[in-house]
Structure formats: C-alpha cells, structure tokens
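> Test case, fold it:
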Amino acid sequence: MAKNKINRREFICKTAAGITGATAAMSAGSYQRIMGANDRINIGFIGCGARGRGHRRMVNMSLKEKNLGVVAVCDIWKLNREKAAEDCKKKFGVNVKQFKYSEEMLKMPGLDAVMIATGDHQHALLLAEVVKAGKDCYCEKPMAVNVEEAKIARDAVLASKQVVQMGSQWVSDPIQIKIREIVRSGKLGQITKIEQVWNDNNHRWHVPDDPDVAAIREEDTDWERWLLGRSYRPFDPWAYFEFRIFRDFSGGITSQWMSHGIGLVHFYTDTAIPDTMVASGGVLGWPDIRQNPDTFQALATYHDARFLYSYSSNYANKFGDYSCIRGKDGTLFAHGGEGSPRWFFIPEYQRLPGGFDFYEGLKAAVNSGKAEIITSKEYGNKLPPVNVSDDSKFHLDNWIDCMRARNLKTNGYIHTGFWHSIGAIMATRAYREGKKLYWDRKKEEIIDYPPYIG
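Prediction:
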C-alpha cells in the first residue's frame, strides 16, 4: 500500500500497540508541550465538511474568551481542506497548515487538541489515533457504528491522559442540566417511561443536486482511505458525502438523532446502555437512493432502573415534536425536537387525561399552575426557544475548561460516547435483523437471547 494510505486493520494494530496493559506508553512527543492555565490552546480540525464548519463556528465564539488558536485543517479531499483554510483565514486571521492525512497533522509541533468531524464510520478509529498521539479530542457523535470499534476508542482514551468530549452537545445545555437535577431530586417519583418524538419533513441527508457530488474527482481524494476497511466498492461520490443514508457507513437516524436522544436518557437518569431493544421502520416517505430508513421507531428497556424508552423519528411529517419523562408524581415535557430547551413540569395530582394545549393554552396553563416552565439565567429566566443551534458554546467551553484543569470527566466524557454508541448500534441491528436484541453486560456483547445473570 502506498505511503500514508492506512486502512482499518492498520489503524487497529497501531492503536492496540499503544493501549495494552494498565497504562499506555505514550510517544516521546506526547508531552512536548504542557499547557499552563493561561497558555493558548492550539486546535486542529480533522474533517472539513458541513459539521467541520460548525466546529469552526464554535471555536470562533470562544476564541478570545478562552484564548484559543487555530493551526491546522485536515481533509483527504483537496477542495474541502482548501475551503476550510480560506474560512480559517477569514474567521481567525491565520494561515493554517493543510494536511491530507491525519497522522501527518498529529506530528505537528504545538498542536494541543483536535476536533473530529468526518464520516460516522471513521470517528472511533480517528479518536483512538488522536489520543494515542497525545492530543485532547472533541469527537462528533456517534462515537462508533460497531461494537468492536467502540471498544477500541474507549480503551484508547482510558489508557491515555487526554481530555475527550463527545459531540453530544445537549448535555452541556443549562436547561438539560436542570432536567437532570429534577430527575435526580425524585420530584417525578418513579419514572417508568421516557418518550422522544423528533421529526422532520424533507429528504434528510440527501441533496439531489449536491454541488460537492458534482465537484469531486477520485484523483483529488483517497477513496480507499475514506472507506477505512469497509468492504471495497467503486468510487461513489454519493456515499462519500451522504454516508448517513448508506448502511455500510451509518445507521442514519439511529447514528445521528437517536445517539443524541439515548445519550440524554443516560444523562438524565444516570443509566448506561439498555438491556433490550426492538425496532421497526423503513424507507416510506423518500424512496430515493437511501438505504437507511426515513421512518423509524425503537423501544428499549432498562431493567435495574425499571423504565421503558421510546424513540421515534419520521421525515415526512414534522408536527408535534416532543420529549416526555413520565413519573408517578409528575411529568417533564419538552415542546420541540432534538435539543429543545422548552421544558415544563406538570404535577401528576392534577390528573389531566387530555394534558393541556401547548399551542393555544400555554400561558393559561402556566398562570393556572397546571404547568411550570423550567428556566435558567442563560435563557434570560423566561420561556426558552423550541430550537437552538447545534454549535454549542456551552459544550465547547466545557471541553476547554476541562483541558485547562486536566479534568478527564467532561460533560460528554468517553463512557457517555460508548454508552450512546452501543444503544444506537443495538437499535440499528434490531431494525435490520428484525429481532429483539439484548446487551450482555459481562461479556459486553449484543446477543439475541436473554443473557445469563449469575
């Protein structure tokens, strides 16, 4: 294989060599620059597509306040990295170094931290590579799309001393943190069901006239490297840019939206990985080139915590997005879809079989005491919006603050990434295999029969 063209097996071998034993033997360059509390943190970006642009916007929001520097961009497609370099010049006033391959960027002197925004199937192995090189890392979700690579990423991070933040940004939102506090307080009583219904109405993740698909040429990228060990197929620009709708590279709804959803469930309830999972759905609304479903529902159980988790997405109707945490003594209800901070508490003693009208009677319901708005100073202590940006300053700042303190437990620390990955993988497989699946907590395996509990 030509120089720099490293496939998945080679990535695994490189990573395994660095994480065997209780402690990892870090490379000599890993600690060549020890940050002081006020030193500038120099950041590089791996993956320069749409989500990479979001990462640069996040850094720009905290650039001066947090004393950040931007020093490098990395993308195997020439046009993407050139555009990213231009954007860095415009946003940050710097001429960043451009790299085609991540392993070359990671050798760069003075590089402290890396933000990963590549294809879903590439996250886990790149995360392992970054921390093995002694760099802190912000890694987009899903952390992994199969169990083997989820373990590789987790073990690499745990064997390192690097500060890692999963890109599940809602866990740093002040309102979501308040929801967790309410759940932990016992105010809801016993929780038996959590529901998330998050919808859209468009051909999500497929752009029929995508300009990038028209622009890319195989000779301007490295298709074999992009595949990263997946089964070989001829160069396919649709898969390259729209990986979320292709089975080999993503679960689609499960990898993208449900990974956020189940991550929040774990965050609210202090749980980790469901015990069982069933799922159904299909390509119902948008029969185009997609292989992953546009309509999907999953049901999971958490045995020790004794609750049912229901997740649903439909991309052909957007009406009525909500999240709902049902307890014997009260309900927490969020008006809106993924990440909505518009939460309400409704005491159960009112026995409201019809609920109340959030669209017409919200003010009256709040004024009458039927519902209590959950507010925070960050949202002006008033009714929060239904939608907030994916580019979360709260989440980036939490990562930066933890880097300076060398605090490994960010809001989205490595275990949260492992947990959301396994939950999403279980849902993906349950849908594809048409069977009920179980998580064996001792063996850390997904199985299709109840595990023996000894």
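> Could you point out which residue ranges in the chain have low pLDDT?
1-38, 356-362, 453-454 (pLDDT under 70).
> quick one: the helices in the stretch 51-200 of the chain?
Taking DSSP state H, counting those that start in this stretch as the test, the helices found in the stretch 51-200 of the chain are 78-92, 102-105, 123-132, 147-158, 174-185.
> now do the stretch 201-350 of the chain
So, for the stretch 201-350 of the chain - with DSSP H, counting those that start in this stretch - the helices run 211-215, 223-227, 237-241, 253, 259-269.
> Pick the most deeply packed of the ones you listed.
helix 253 (a mean of 34; mean count of other Cβ atoms under 10 Å). All C-beta spots, glycine's among them, are computed from the backbone N, C-alpha and C.
> what distance separates it from the centre of its chain?
12 Å (Cα atoms, centre = their mean, to the nearest Å).
> and if you look at stretch 134-153?
10 Å.
> Just the endpoints, please. Distance across it?
14 Å (Cα to Cα, to the nearest Å).
> in that stretch, what's buried?
Buried residues in stretch 134-153, counted by 16 or more other Cβ atoms under 10 Å: 134-145, 147, 149-153.
> Now distance to N60 too, for the helices of the stretch 201-350 of the chain, in a markdown table please.
Formatted as a markdown table, these follow (distance: least, Cβ to Cβ, whole Å):
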| stretch | distance to N60 |
| --- | --- |
| helix 211-215 | 23 |
| helix 223-227 | 28 |
| helix 237-241 | 24 |
| helix 253 | 30 |
| helix 259-269 | 23 |
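> Figure out which of those is closest to D294.
helix 253 (7.8 Å; Cβ to Cβ).
> and the chain, what are its domains?
8-20+28-169+395-414, 171-206+248-387+424-433 (automatic domain parsing).
> for these, which one ends up most surrounded?
Comparing the domains of the chain by mean count of other Cβ under 10 Å gives domain 8-20+28-169+395-414 as most buried, with a mean of 20.
> Give me the distance from that domain to the chain's centre.
14 Å.
> hang on, the earlier thing: out of the helices of the stretch 51-200 of the chain, nearest to R225?
Short answer: helix 102-105, nearest of these by Cβ to Cβ, at 9.5 Å.
> which residues touch that closest one?
Here helix 102-105 makes contact (Cβ atoms under 8 Å, 6 or more residues apart in numbering) with 4, 6, 44, 46, 72, 74, 97, 99, 111, 114, 126, 129-130, 133.
> Likewise for stretch 410-418?
139, 141, 143-144, 150-151, 153-154, 157-158, 163-169, 171-172, 263, 266-267, 272, 395, 398-399, 402.
> Apply 7 Å and report the result again.
143, 150, 154, 157-158, 163-166, 168, 171-172, 263, 266, 395, 398-399, 402 (Cβ atoms under 7 Å, 6 or more residues apart in numbering).
> How about stretch 262-278?
With contacts defined as Cβ under 7 Å, 6+ apart, stretch 262-278 is touched by 168, 170-171, 176, 179-180, 183, 191, 194, 298-303, 305, 309, 311, 325, 416, 419-420, 422-424, 426-427, 430, 436-439.
> Can you tell me the centre-most residue of the chain?
K141 (2.4 Å; Cα atoms, centre = their mean).
> who's in contact with that residue?
K141 neighbours (Cβ under 7 Å, 6+ apart): 166-168, 259-260, 420.
> nearest to N367, of those residues?
Checking the contacts of K141 one by one against N367 (Cβ to Cβ), the nearest turns out to be H260, at 32.6 Å.
> The closest one is in contact with E338, isn't it?
Yes - contact criterion Cβ atoms under 7 Å: H260 and E338 qualify, at 5.6 Å.
> For S160, give its distance to R53.
28 Å (Cβ to Cβ, to the nearest Å).
> One more: N199?
N199 is 25 Å from R53, by Cβ to Cβ.
> now do G417
From G417 to R53 the distance is 22 Å (Cβ to Cβ).
> next one: G119
From G119 to R53 the distance is 16 Å (Cβ to Cβ).
> D210 and N381, how far apart?
43 Å.
> What of P353?
P353 is 32 Å from N381, by Cβ to Cβ.
> repeat for N367
Taking Cβ to Cβ, one finds N367 at 17 Å from N381.
> ditto for R432
For R432, the distance to N381 - Cβ to Cβ - is 46 Å.
> same question, I400
Distance from I400 to N381, by Cβ to Cβ: 26 Å.
> Please apply the same query to S231.
S231 is 53 Å from N381, by Cβ to Cβ.
> can you check E148 too?
Taking Cβ to Cβ, one finds E148 at 47 Å from N381.
> So T118 is in contact with L126, correct?
Yes - judged on Cβ under 7 Å, T118 makes contact with L126 at a distance of 6.3 Å.
> between the two, what contacts are shared?
I46.
> residues touching the closest residue to A113 other than its chain neighbours, list them.
The shortest distance from A113 to any non-neighbouring residue, by Cβ to Cβ, 6 or more residues apart in numbering, is to D136 (4.1 Å). D136 makes contacts with 112-113, 162-164, 403, as judged by Cβ under 7 Å, 6+ apart.
> Do I have it right that A334 meets F345?
No - using Cβ under 7 Å, A334 makes no contact with F345, being 10.9 Å away.
> those strands in the stretch 301-450 of the chain, which residues are they?
307-314, 322-327, 330-335, 343-347, 372-373, 437-440, 445-447 (DSSP state E, counting those that start in this stretch).
> Let me have those strands in CSV, adding distance to T221 as columns.
Listed next are those as CSV, based on distance: least, Cβ to Cβ, whole Å:
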stretch, distance to T221
strand 307-314, 31
strand 322-327, 39
strand 330-335, 41
strand 343-347, 43
strand 372-373, 49
strand 437-440, 36
strand 445-447, 33
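> For D222, which of those is the nearest?
strand 445-447 (31.7 Å).
> Quickly run through the sheet partners of that closest one, with directions.
The pairing partners recorded for strand 445-447 under DSSP bridges are strand 437-440 (antiparallel).
> Buried residues of the strand it pairs with, list them for me.
437-439.
> nearest to N60, of the residues you listed?
Distances from N60 to these, taken by Cβ to Cβ, are shortest for W439, at 39.8 Å.
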